[in-house]
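S.K.: how does the following fold in three dimensions:
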Amino acid sequence: MEDLLRNEEEKRVKKAKLMKIFISFSAGMAGLLFGLDIGVISGALPFITSHFELTSRLQEWVVSTMMLGAALGAISTGWISFKLGRKKSLMAGAALFIIGSIGCACALNIATLLVSRVMLGFAVGIASYVAPLYLSEMSEKEDRGKLISMYQMMVTLGILLAFISDTLFSYGGHWRMMLGVISIPAIFLMVFVFGLPDSPRWLASKGHFEKAKDILRMLNTTDAKADGELNEIKESLKVKQEGWGLFKANKNVRRAVYLGMLLQAMQQFTGMNVILYYAPQIFKHAGFANTEQQMLATVICGLVNSLATLIAMKTVDKQGRKPILKIGFAGIATGTFLLGVCLYMINAGFSAIWISIAAVIMTLFTITSFAMSAGPVVWILCSEIQPLKSRDFGVACSTTTNWIVNMIIGATFLTLISNFGIAVTFWIYTALNILFVILTILLIPETKGVSLENIEKNLMDGKPLKDIGV
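M.R.: Here you go, the predicted model:
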């Protein structure tokens, strides 16, 4: 009898583990597409510029219109996710990825390309909103950081694959293939999402407690653990107001929303994305003259970005969110400062090869510092700190902030370089990252190993933001 019970327990543990792997991989496919769309434009932009004879301003718009669409997508997805659930929202995102990527590949003029980029951005807004939120609600507190980091790992893998794809297609100048190939993984995402269960927390918020219980029992190794988690969810649902109404009525909810928005602004103002969007231009400034050298350098950037994210996956649930953020922001500040020094020397006429090599090393160091810290950790925290009854609203606000700031950065980077020079531009980001170290110390909570419901309780009890994970 004991052997039979032990075998049943082992089967259940194995089944729960396999389901979590399927959930993390399937939701992570949204991150893969997110990364592909971020990374692909850096390689395609020089060819698009040549084909349509674009000015610097139009180049910025080709990059930043995706962020405009992402901001619109994030705003809209708050309502869509609340009404239809996480699963159906991911399906809608996959469909838009397919339509948008094909539209970009077939664009006959710049207007069509910009509209298609907005549509792709809308899909990215859905993915960046729903996938981390879904993963946070489907995971246990002990491995929540690892699962959401898995999503960020897929983002970096998407960026790497985009850089490799761009390099292969660059030899023939096939920018349409660079943009159109994204439709293939989008089809896979659509297929995988069909097999996903919906979030038990979303189901409970809609009164479907039996369905929520079934999913929790599927995800947990014991019925007692699943039932205890459901009771915690029910307790958090006793708050009568929701979303915007709760935001207006409760100052503690407003604190969480503002903190999420601050975190996303901090992540974007590190300057990391300008390195990804404009990598070939940066390496051109560093002395890499031909397109092949520049594209190879961007592939190396993508590889380092992916590998460094593994550091976060291994450490975020052990060392915690806050220490990793402090180290990361300090590392980015160091990297952007020294990169600025290298680029300043190159522009001043110093032609020694070691300066160009140092510029590449500092670029890779900056990418490593970001990918092991602010890249995944900000998404983790933003999914953790929002109360259940206003989670859709809070995550929508923080994700929208991410893409608005992202759009501002993408639309101003070349202008900043034109007005102040590339070295001073990176020094501006250095100053911002020093500020972010200070803000992390003063405001950011440590949430490792704490259930979403306990974080919510601490917040609603009025504890200081930096203590809501205690």
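S.K.: which stretches of the stretch 1-150 of the chain form helices?
M.R.: In the stretch 1-150 of the chain, the helices defined using DSSP state H, counting those that start in this stretch lie at 2-52, 56-84, 86-105, 110-138, 144-170.
S.K.: want to throw those into CSV with mean pLDDT, mean neighbour count and distance to Met178?
M.R.: Any C-beta I mention is one placed from the backbone N, CA and C, and that applies to glycine too. Formatted as CSV, those follow (pLDDT from 0 to 100; neighbours: other CB atoms under 10 Å; distance: least, CB to CB, whole Å):
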stretch, mean pLDDT, mean neighbour count, distance to Met178
helix 2-52, 78, 19, 4
helix 56-84, 80, 21, 13
helix 86-105, 90, 23, 8
helix 110-138, 86, 25, 12
helix 144-170, 80, 25, 5
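S.K.: export the ones you listed to TSV and tack on distance to Ala249?
M.R.: Compiled in TSV, the helices of the stretch 1-150 of the chain are given as follows (distance: least, CB to CB, whole Å):
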stretch	distance to Ala249
helix 2-52	32
helix 56-84	18
helix 86-105	26
helix 110-138	22
helix 144-170	28
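S.K.: out of those, which gets nearest to Gly245?
M.R.: Ranking the helices of the stretch 1-150 of the chain by proximity to Gly245 (CB to CB) places helix 56-84 first, at 12.6 Å.
S.K.: angle of the closest one against helix 110-138?
M.R.: Interaxial angle, helix 56-84 versus helix 110-138 (axes from the mean of the first three to the mean of the last three CA atoms, to 10 degrees): 40 degrees.
S.K.: tell me how far helix 56-84 lies from the chain's centre.
M.R.: Its chain's average C-alpha position is 14 Å from that of helix 56-84, according to CA atoms, centre = their mean, to the nearest Å.
S.K.: report all helices and strands that that helix contacts.
M.R.: On a contact count with 3 or more CB pairs under 8 Å, 6 or more residues apart in numbering; DSSP states H and E, helix 56-84 meets helix 2-52, helix 86-105, helix 110-138, helix 391-420.
S.K.: right, so of those helices, which gets closest to Val155?
M.R.: helix 2-52 (4.1 Å).
S.K.: that closest one vs helix 144-170, what angle?
M.R.: Using the same axes, to 10 degrees: helix 2-52 against helix 144-170 is 40 degrees.
S.K.: tell me what angle helix 2-52 forms with helix 86-105.
M.R.: Following the same axes, to 10 degrees, one obtains 30 degrees for the angle between helix 2-52 and helix 86-105.
S.K.: Leu443 and Leu381, how far apart?
M.R.: 11 Å (CB to CB, to the nearest Å).
S.K.: for these two, indicate the residue with more neighbours.
M.R.: Using other CB atoms under 10 Å as the criterion, Leu443 and Leu381 rank with Leu381 on top: 28 against 16.
S.K.: for that one, grab phi and psi.
M.R.: Note on Leu381: its backbone torsions stand at phi -60, psi -40 [degrees, to the nearest 10].
S.K.: go ahead and confirm it touches Ile324.
M.R.: No - counting by CB atoms under 8 Å, Leu381 does not reach Ile324; the two are 10.8 Å apart.
S.K.: got a list of what the closest residue to Val395 other than its chain neighbours touches?
M.R.: The shortest distance from Val395 to any non-neighbouring residue, by CB to CB, 6 or more residues apart in numbering, is to Leu133 (5.2 Å). Leu133 makes contact with Ser81, Arg86, Ser383, Arg391, Asp392, Val395 under the criterion CB atoms under 8 Å, 6 or more residues apart in numbering.
S.K.: give the residue spans of the stretch 251-400 of the chain that score low on pLDDT.
M.R.: For the stretch 251-400 of the chain, residues meeting the criterion pLDDT under 70 lie at 276-282, 285-295.
S.K.: per-residue pLDDT, the nearest residue to Lys87 once chain neighbours are set aside?
M.R.: Leaving aside its sequence neighbours, Lys87 sits nearest to Asp198 (CB to CB, 6+ apart; 4.7 Å). On pLDDT, Asp198 comes in at 86.
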